[in-house]
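J.: Got a sequence here, can you model it:
(one chain, ligands or ions: 4)
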Amino acid sequence: HSAKRAAGSFAWYSEAQEAARLDHLSLVSDLRVAVAQSQLQMWLQPKLSLRDGRPVGAEALVRWAHPERGMVSPADFVPFAEQTGYITLVTDWMLAEALRTLQTWQRSHPDLSIAVNLSTRDLQDPGFAPRLAQRVAASGVDPQRLRLEITESGLMDDPAKSVALLHALRAAGMPLSIDDFGTGYSSLAYLQKLPVSELKIDRSFVDGLDAAPATQRLVKAMIEMGHGLNLMVTAEGVETPAERDTLKALGCDVMQGYLGSRPLHGEKLDAWLLSST
Ligand code: C2E
Ligand code: MG
Ligand code: MG
Ligand code: MG
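T.: Residues are numbered from 1 along each chain as shown. Ligands and ions are numbered 1, 2, ... in the order given. Model prediction:
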């Protein structure tokens with residue numbers, strides 16, 4: 001973060017880029033208000049077993065119903081929220097929402113888990129794991145049903161620290177997943193140290209997989225490595241039956257993607273829950 005580098009990159013900004021940057025900054029300063037005024041929404045995308053097609057749970061994805069901008073996607077505010085640190089507000093809100101939903105599912109859908117995305121900012125806070133453990137205990141929800149996702153590249157920001165924090169979360173009973181796997185340069189030695197139980201193969205490897213023999217060999221190796229480490233392997237971004245069938249043939253365990261369902265909210269989520277059980 002040297003001033004020199006910041007000044008240098010600033011000089012290369014076009015006016016349009018600078019306008020976009022300021023626009024993002026005003027958006028992010030609205031984020032505190034968004035949390036306070038309930039403008040955030042938790043959407044859920046189903047995860048389906050490739051063995052029998054049954055749902056195993058869902059991933060929680062944040063959406064921002066902005067009063068002027070309409071529905072803002074996480075790609076447009078999560079990176080900036082991470083830079084400013086406001087992302088921890090989003091994480092806390094999503095965790096509360098996930099726990100509340102898991103409480104309401106206690107009777108109707110006791111087998112379904114919800115996965116919440118963590119940011120590296122959360123992993124930098126030594127108080128995060130004990131606070132979350134306390135919140136989960138107070139909610140009465142089985143911690144096994146609250147899964148936590150961390151991206152492979154996020155883990156590699158500070159590998160030693162990440163290992164310690166993941167162990168604290170795991171000790172509190174929450175299962176952990178590595179998100180966007182294949183894009184973050186982690187080593188096998190490092191992976192073996194992580195107390196994770198799921199590997200989520202990044203959707204860039206899934207797109208067009210059925211027609212790409214070289215990628216198939218790569219994905220097969222990832223799946224076998226995951227199984228060798230005793231991990232459940234999930235494929236992200238599955239959009240076509242051909243991609244699904246290829247993943248199944250390669251031994252992948254779980255799929256997530258538009259083919260199964262888009263992320264859902266409100267009545268559509270209720271309808272899916274009714275039909276899936
Ligand atoms: P992710 O955790 O890898 O989530 C999967 C993303 O892929 C979601 O995008 C989802 O809508 C999208 N997706 C699912 N199936 C398909 C498909 O078949 N095809 C394609 N093309 N895309 C598919 P979304 O919701 O826009 O979220 C983008 C990213 O933003 C997430 O990637 C995650 O890294 C981040 N994010 C979302 N919610 C949160 C959150 O609450 N906290 C944090 N820290 N990050 C979040
Ligand atoms: Mg994720
Ligand atoms: Mg991902
Ligand atoms: Mg495609």
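J.: Contact residues of this structure facing ligand 3?
T.: Within the chain, the positions near ligand 3 by CB under 5 Å from the ion are 179-180, 236. Quick note: C-beta positions are derived from backbone N, CA and C, even for glycine.
J.: now that we have those residues, which one has the most neighbours?
T.: For these, the largest number of neighbours (other CB atoms under 10 Å) sits with Asp179, at 25 neighbours.
J.: anything in the helix or strand that residue falls within near ligand 2?
T.: Using DSSP states H and E, Asp179 falls within strand 176-181. Yes. Judged by CB under 5 Å from the ion, strand 176-181 and ligand 2 are in contact via Asp179.
J.: Does that strand reach ligand 1?
T.: Yes. Using CB under 6 Å from any ligand atom, strand 176-181 reaches ligand 1 at 179-180.
J.: what's that strand in contact with?
T.: By CB atoms under 8 Å, 6 or more residues apart in numbering, the surrounding residues in contact with strand 176-181 are 115, 117, 147-153, 155, 166, 169-170, 186, 191, 194-202, 222, 234, 236.
J.: mind checking how far it is from the chain centre?
T.: Taking the mean of its C-alpha atoms, strand 176-181 sits 8 Å from the chain's own mean (CA atoms, centre = their mean, to the nearest Å).
J.: Can you name the secondary structure element that comes next after it?
T.: helix 188-193.
J.: pLDDT on that next one, on average?
T.: For helix 188-193, mean pLDDT rounds to 90.
J.: buried ones in it?
T.: If you call a residue buried by 16 or more other CB atoms under 10 Å, then helix 188-193 has these buried ones: 190-191.
J.: Show the average pLDDT along the host helix or strand of Ala16.
T.: Ala16 belongs to helix 15-29 when elements are defined using DSSP H and E. In this model, helix 15-29 carries a mean pLDDT of 68.
J.: are any of the contacts of strand 176-181 buried, and which?
T.: Applying 16+ other CB under 10 Å to the contacts of strand 176-181, the neighbour count classes 115, 117, 147-153, 155, 166, 169-170, 186, 191, 194, 196, 198-202, 222, 234, 236 as buried.
J.: Was I right to think Val238 contacts Arg244?
T.: Yes. The pair Val238 and Arg244 qualifies as a contact (CB atoms under 8 Å) at a distance of 5.3 Å.
J.: who does the strand holding Asp179 pair up with?
T.: strand 146-151 (parallel), strand 198-201 (parallel) (DSSP bridges).
J.: Would the following helix or strand past the shortest one count as contacting ligand 4?
T.: For strand 198-201, the succeeding helix or strand toward the C-terminus, using DSSP H and E, is helix 203-206. No. Using CB under 5 Å from the ion, helix 203-206 stays clear of ligand 4, with a minimum separation of 7.8 Å.
J.: hmm, back to that, got the residues of the chain next to ligand 3 as JSON lines, with pLDDT columns?
T.: Below are the residues of the chain next to ligand 3 laid out as JSON lines (pLDDT from 0 to 100):
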{"residue": "Asp179", "pLDDT": "97"}
{"residue": "Asp180", "pLDDT": "96"}
{"residue": "Glu236", "pLDDT": "98"}
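J.: and the gap between whichever residue of the stretch 151-277 of the chain sits closest to ligand 2 and Arg145?
T.: Closest contact between the stretch 151-277 of the chain and ligand 2, by CB to the ion, is at Asp179 (4.2 Å). Distance of Asp179 to Arg145, given as CB to CB, to the nearest Å: 18 Å.
J.: What parts of this structure come near ligand 1?
T.: Counting by CB under 6 Å from any ligand atom, the residues of the chain near ligand 1 are 45, 61-62, 73-75, 78, 87, 90-91, 94, 117, 119, 179-180, 203, 236-239, 257-258, 263.
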